[in-house]
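[1] A structural model of the following input is requested.
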Amino acid sequence: MEKVNLAEKLSLFTDYFNPRIAGELNGQQVKLVKFKGEFVWHHHDLEDELFYVVKGSFDMHLRDRIITVNAGEFLIMPRGVEHKPVAAEEVEIMLFEPATTVNTGNMTDNDLTVKELKRI
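    Residues are numbered from 1 along each chain as shown. Predicted coordinates for the structure are as follows:
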């Protein structure tokens, strides 16, 4: 049992859309990731995701609207809802999601899919 310093862990990497595992609990993973630019449209058939913004802000594009999420706010993306994160500037995110969650959901045939996550 050790505490986790988010700023310290987030300083360990500089790449985008490549989540790292920072902790695990009850079949869920706490992941840290940085976004900049556009991700791919995708959805998750079986998993809900929680996006908590540590620093910066991003727009979550949905097919019918865009939701801006700022530092200190979170958004829960229900399973089955197609979405695409977009960040004009670098944003630091903490994710809570089941360990089975693949970052690109149903769109696993692209360069952004991370099949084996690193632990930090």
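
[2] list the beta-bridge partners for the residue nearest the centre of the chain.
    Most central in the chain under CA atoms, centre = their mean is residue 95, positioned 4.9 Å from the mean C-alpha point. On the basis of DSSP bridges, residue 95 is bridged to residue 31, residue 51.

[3] list the contacts of it.
    By CB atoms under 8 Å, 6 or more residues apart in numbering, the contact list for residue 95 reads 19, 29-33, 49-52. Where C-beta positions appear, they are placed from N, C-alpha and C, glycine not excepted.

[4] give me the buried entries from those.
    19, 29-33, 49, 51-52 (16 or more other CB atoms under 10 Å).

[5] nearest spatial neighbour of residue 103, chain-adjacent residues omitted?
    residue 114 (5.2 Å; CB to CB, 6 or more residues apart in numbering).

[6] residue 101 against residue 45, yeah?
    No: using CB atoms under 8 Å, residue 101 is not in contact with residue 45, being 10.5 Å away.

[7] show me which of those two is the more surrounded one.
    Using other CB atoms under 10 Å as the criterion, residue 101 and residue 45 rank with residue 101 on top: 21 against 8.

[8] the more buried one - that's part of a strand, no?
    No: looking at residue 101 with DSSP: H, G, I helix; E, B strand; the rest coil, it is coil, so not inside a strand.

[9] all helices for the protein, in order.
    6-10 (DSSP state H).

[10] strands along that one, start to end?
    Along the chain, counting by DSSP state E, strands occupy 20-25, 28-38, 49-55, 57-62, 66-70, 74-77, 83-98, 118-119.

[11] got those as TSV, with mean pLDDT and distance to residue 2 columns?
    Formatted as TSV, the strands of the chain follow (pLDDT from 0 to 100; distance: least, CB to CB, whole Å):
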stretch	mean pLDDT	distance to residue 2
strand 20-25	96	9
strand 28-38	96	13
strand 49-55	97	19
strand 57-62	98	29
strand 66-70	98	28
strand 74-77	97	23
strand 83-98	97	17
strand 118-119	90	13
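
[12] would you turn those into CSV with distance to residue 107?
    Conversion of the strands of the chain to CSV gives the following (distance: least, CB to CB, whole Å):
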stretch, distance to residue 107
strand 20-25, 21
strand 28-38, 13
strand 49-55, 14
strand 57-62, 14
strand 66-70, 19
strand 74-77, 14
strand 83-98, 10
strand 118-119, 21
